[in-house]
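# structure for the following, please:
(2 chains)
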2 protein chains.
Amino acid sequence: MSPPPPPASPSTEELEADLSAATISKKQLNKEARKAAKAAKAGKKAEKFEAVEADPFAANYGYHEIQSKGISGRSWTDIGDLDEAAAGRSVLVRGFAERFRPVSNKMTFIVLRKKMSTVQCVLVANADAGVSTQMVRFATSLSRESVIDVEGVVSVPKEPLKSTTQQVEIQVRKVYCISRAIAALPFNLEDAVRSEAEFEKAEQDGEKLVRVCQDTGLNYRVVELRTATYQATFRIQSDVENIFREYLYSKSFIGVHTPKLISGSSEGGAAVFELQYHGQPACLAQSPQLYKQMCISGGFGHVFEVGSIFRAENSNTHRHLCEFTGLDAEMEINEHYFEVCDIIDGLFVAIFKHLNENCKNLLEIINKQYPFEPLKYLEKTLKITYEEGIQMLKDAGTEIEPMSDLNTEAEKKLGRLVKEKYGTEFFILYRYPLAVRPFYTMPCYEDPAYSNSFDVFIRGEEIISGAQRIHTHELLRKRAIECGIDTSTISSYIESFSYGVPPHGGFGVGLERVVMLFCGLNNIRKTSLFPRDPQRLTP
Amino acid sequence: MSPPPPPASPSTEELEADLSAATISKKQLNKEARKAAKAAKAGKKAEKFEAVEADPFAANYGYHEIQSKGISGRSWTDIGDLDEAAAGRSVLVRGFAERFRPVSNKMTFIVLRKKMSTVQCVLVANADAGVSTQMVRFATSLSRESVIDVEGVVSVPKEPLKSTTQQVEIQVRKVYCISRAIAALPFNLEDAVRSEAEFEKAEQDGEKLVRVCQDTGLNYRVVELRTATYQATFRIQSDVENIFREYLYSKSFIGVHTPKLISGSSEGGAAVFELQYHGQPACLAQSPQLYKQMCISGGFGHVFEVGSIFRAENSNTHRHLCEFTGLDAEMEINEHYFEVCDIIDGLFVAIFKHLNENCKNLLEIINKQYPFEPLKYLEKTLKITYEEGIQMLKDAGTEIEPMSDLNTEAEKKLGRLVKEKYGTEFFILYRYPLAVRPFYTMPCYEDPAYSNSFDVFIRGEEIISGAQRIHTHELLRKRAIECGIDTSTISSYIESFSYGVPPHGGFGVGLERVVMLFCGLNNIRKTSLFPRDPQRLTP
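Numbers count the residues shown, from 1 in each chain, chains lettered A, B, ... in the order given. Next comes the predicted model:
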């Protein structure tokens, strides 16, 4: 079968937004959902109609049910792998139909998407190629986001393609719909990936662009997640976790899993989720703190855990979630908690380097919608004392109580001051007042008003907390009581320090926060797949 | 300073068990705890006494508080790294004092342990070496499991050492107690690592050995975890998770984290933990099933998750936990769910190979206490249909209802039959009756009484469940209703299939079960760090 001549390249590639309203309300969405149901019914009728219409090429298109009927031996090519080297080759690809652009009743374009890659498919009625006008009509009738299999020949267009990632086209021979999307999507993907700059430009031009507001995106999260920005974000998140694990593995840590259902609250003060556990009261762990320390008592030496963290606080901010993923580590120290800081130093520099070197394309995708400056960090992470931090703030005119914790505003300002003075947006602030740290924190040797503890900041926001822990049961019990904790709820924890426990320290960091702050994103809901905040338990 | 002559090797190395009772009851333990408190007080008095006693070598021993006072620049050697190559070298090691064997008031042995390695330290009063009789007395006064720093010179004994892993000794120059254990431990470590064979031999010899029963071990879990058997078990567990992740990464999967706090129950029937979430009813996810499928709808293609699984069932068996670690994967399939089976095949063969090749020493440690035969598996995993399985059972005389699920006994028997016939203890049983699978399972194309599903067995126990899933919202809703599920509680899940979803399948497996069955262990509590069953919420 000789390939048909490639069709003329279209003069404009960008599709107009289908919706003229500037925002989509829930009411509208419900209305559209009803419309969609109607459209789906109509679609079924259309399908029947197609089936009875006589077409010698009817086998080259239609609806395919994938139900494990058999194994054909055919192989699918990833859209992201399509390049000029494939020119002239026959390929089979599967993807979401991101856009349709019918040119005439004999020709249409379909942009297919897989993960972060898109390719333009060209359908031209041509008997030599086995493509009928009915096939073009069928393709045109499909709804956006339907999953489609396309067989065709790869061709290289004369002009570079602006609206797809792949710089080749597929001259379609066969097209099958694998999974139909409802006709009216909650929003179109191109409306969900616009940058603020685009909105501003449009406003200056007197245009009105559709804006997908945060709640709409979250309500229809699976659609929003299909955008390149989210695809890139969660690939970065997966990589951050991977480097976290690999780095700690290389330093003799082992991965552990500690219980999330516990009898006492793990951190004292903060709000916990309570439940009944086979007739006895239980809590969801607010951190693996107590149990990762018990792993040290258990002789494991160096442990890390990646697991769910639950916080019942009614915090409605850009940086709090009620459930998130904790990256925790705990380790024996020989003599000083700076050994923990050294691990953090090496670990985070490794993460930053990996992202900058191996995830360039992912970062660029995020940058396109949410522009950000690359994170400034030093090869050897800066450590400054809490006292020095306070002094820097005072010198810059901020009134601050020396023995209290920094508030968010002060942290932000300190971040700016440190960036100016030391040229880094990633630093460790250590030797916090004991009073602002949890009961299990080891007091300073030379001044018990301070503690062997630290916080780590990225772009002026605290992301890591860590410290040397108390490793003797007598002092631990004393400090717990002083901090007003009911020691009966954590007796097995305290007892575990009566069997001889090596001096140790550790830290915890939220995976979502690392990604948010590295990428300069403005909301933690952008880095949690299905975020949980006080208002949101679904989807 | 010239090293003193090495002391004569002792004729017997094994210490006698300190406790004569054959089992330890809780009452006894409480009694011992009170004794321990007394002993600790006495210890403090002793310490004061030591301090005032005149000794020119007083600086070479004593109690050291590790509180991040400074960084000395000294380096600690891992006990596991000590070998003959270190002979004559001065080393500094830290470890748990596993055993003390005072020989005279001028000489004592201490066996120090770090992770799975032990080394014998020899203390002989010798003014040339800076070792006083007071120092020997101090060392002898320390309690088992205290954490101790030893500085000394490595020597090679004439006779091989039977009671330590390392085949060198340390001629002690300095000894410091870093963390004191209470005098009366709940049990001694050597009593917690005995094999059944040892108990049987002792009984034949008329000896009575201390047996640490399951509940005692679990009540004082941090002590039990210090045994070599547990140290090895959880290192294996960490490796299994690592290979799971690495293998799937190599196959283009990304790691995700889905919410554990959800509005509806994730699996219908089974019991769930319920709680209040900011004023609305919520559940703990019984699996990431719905959300990992929503990741497929979200366009991620191939995802895996390692996370907590919560089951409120009142199951008191050797293989059920109320909280465990799920290894889950979900992936687009091109045409057949056997593509999922192929991933499982490659993944588990990779895990088994890694364990057999890279974890030999760990497996040997477990084998010593709990002997097991190496798992029999094939390079290409065997797949047989459910019908064939049923027929095999029938042929072997087991009465079985062809369209119902296999019970544990039938599974065990089928495992034996398959092992006899095919020479493997790891196989996939596929094409289960639809009625025994969850609502989201894709029915078979040619016979809707069956389903595109499978279970995977190790040593006659089911460990993995998997299937092709329904990917259209119409069929999904229909099946949910047929299975009696209140679709209003999972509406966001069902809706997520209305936006065009690629055909997909996946599987889930419990990390603890993989380790338990690979190592032929008899109870899942042996492979969960801090197990949660209907009776146990602490430690």
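
# the helix or strand where A:Val154 lies pairs with which strands?
For A:Val154, the host element (DSSP states H and E) is strand A:147-155. Within its sheet, strand A:147-155 is paired with strand A:90-104 (antiparallel), strand A:169-179 (antiparallel), according to DSSP bridges.

# would a markdown table of the ones you listed with mean pLDDT and mean neighbour count be doable?
(Each C-beta comes from the backbone N, C-alpha and C, glycine too.) Converted to a markdown table, the strands paired with strand A:147-155 look like this (pLDDT from 0 to 100; neighbours: other Cβ atoms under 10 Å in any protein chain shown):
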| stretch | mean pLDDT | mean neighbour count |
| --- | --- | --- |
| strand A:90-104 | 97 | 20 |
| strand A:169-179 | 98 | 23 |
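
# how about the residues of the stretch 351-500 of chain A near chain B?
With Cβ under 8 Å from any Cβ of the partner chain as the criterion, the stretch 351-500 of chain A meets chain B at residues A:442-446, A:452, A:468, A:471-472, A:492-493, A:495-496, A:498-500.

# whoops, I mixed them up, the stretch 51-200 of chain A
Going by Cβ under 8 Å from any Cβ, the residues of the stretch 51-200 of chain A near chain B are A:65-72, A:74, A:76, A:94, A:96-97, A:113-115, A:143, A:145-147, A:178-182, A:185.

# now with 6 Å, please.
Those residues of the stretch 51-200 of chain A that sit near chain B, judged by Cβ under 6 Å from any Cβ of the partner chain, are A:66-69, A:71, A:76, A:115, A:145-147, A:179, A:181-182.

# closest to A:Ala139 out of those?
Among those, A:Ser146 lies closest to A:Ala139 (Cβ to Cβ), at 10.3 Å.

# what sits against that closest one?
A:97, A:177, A:180-181, B:500 (Cβ atoms under 6 Å, 6 or more residues apart in numbering or on different chains).

# show me where the stretch 301-450 of chain A has its helices.
Along the stretch 301-450 of chain A, the stretches classed as helices by DSSP state H, counting those that start in this stretch are A:338-358, A:360-369, A:386-395, A:408-422.

# next, the angle helix A:338-358 makes with the second one.
Okay, so that is helix A:360-369. Per axes from the mean of the first three to the mean of the last three Cα atoms, to 10 degrees, the angle that helix A:360-369 makes with helix A:338-358 is 80 degrees.

# which secondary structure elements does helix A:360-369 contact?
Judged by 3 or more Cβ pairs under 6 Å, 6 or more residues apart in numbering or on different chains; DSSP states H and E, helix A:360-369 is in contact with helix A:228-250.

# parallel or antiparallel, list what pairs with the helix or strand just after the helix it packs on.
Using DSSP H and E, the helix or strand that follows helix A:228-250 towards the C-terminus is strand A:254-255. Strand pairing for strand A:254-255, determined by DSSP bridges: strand A:302-310 (parallel).

# which residues of chain A score low on pLDDT?
For chain A, the stretches flagged by pLDDT under 70 are A:1-53, A:265-270.

# give me the domain ranges for it.
Domains of chain A are assigned by automatic domain parsing as A:26-64+A:75-179, A:189-224, A:228-526.

# where do the strands sit along the stretch 1-150 of chain A?
Remark: strands assigned in the stretch 1-150 of chain A by DSSP state E, counting those that start in this stretch are A:61-63, A:90-104, A:107-114, A:117-124, A:147-155.

# distance to A:Leu417 added to those strands, as a markdown table?
Shown next, in a markdown table, are these (distance: least, Cβ to Cβ, whole Å):
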| stretch | distance to A:Leu417 |
| --- | --- |
| strand A:61-63 | 62 |
| strand A:90-104 | 46 |
| strand A:107-114 | 45 |
| strand A:117-124 | 43 |
| strand A:147-155 | 52 |
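
# B:Gln237 is nearest to which of those?
Closest approach to B:Gln237 among those (Cβ to Cβ): strand A:107-114, 35.0 Å.

# show me what the closest one packs onto, helices and strands only.
Here strand A:107-114 touches strand A:90-104, strand A:117-124, helix A:133-141, going by 3+ Cβ pairs under 6 Å, 6+ apart.

# spell out which parts of the stretch 201-350 of chain A neighbour chain B.
Within the stretch 201-350 of chain A, the positions near chain B by Cβ under 6 Å from any Cβ are A:222-223, A:225-226, A:235, A:238, A:241, A:254-257, A:259-261, A:263, A:273, A:275, A:277-278, A:282, A:294, A:297-299, A:301, A:308, A:323, A:325, A:334-337.

# the residues you listed, buried ones only, as a PyMOL selection?
Only the buried entries of those go into this PyMOL selection, using 16 or more other Cβ atoms under 10 Å in any protein chain shown:
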select buried, chain A and resi 222+223+225+226+235+238+241+254+255+256+257+259+260+261+263+273+275+277+278+282+294+297+298+299+301+308+323+325+334+335+336+337
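
# so what's A:Phe439 up against?
Neighbour list for A:Phe439: A:479-480, A:483, A:485 [criterion: Cβ under 6 Å, 6+ apart].

# nearest to chain B among those?
Chain B lies nearest to A:Arg479 out of those, by Cβ to the nearest Cβ, at 13.3 Å.

# which helices and strands does the strand or helix carrying the closest one pack with?
A:Arg479 belongs to helix A:473-482 when assigned by DSSP H and E. Applying 3+ Cβ pairs under 6 Å, 6+ apart, we find helix A:473-482 packed against helix A:491-495.
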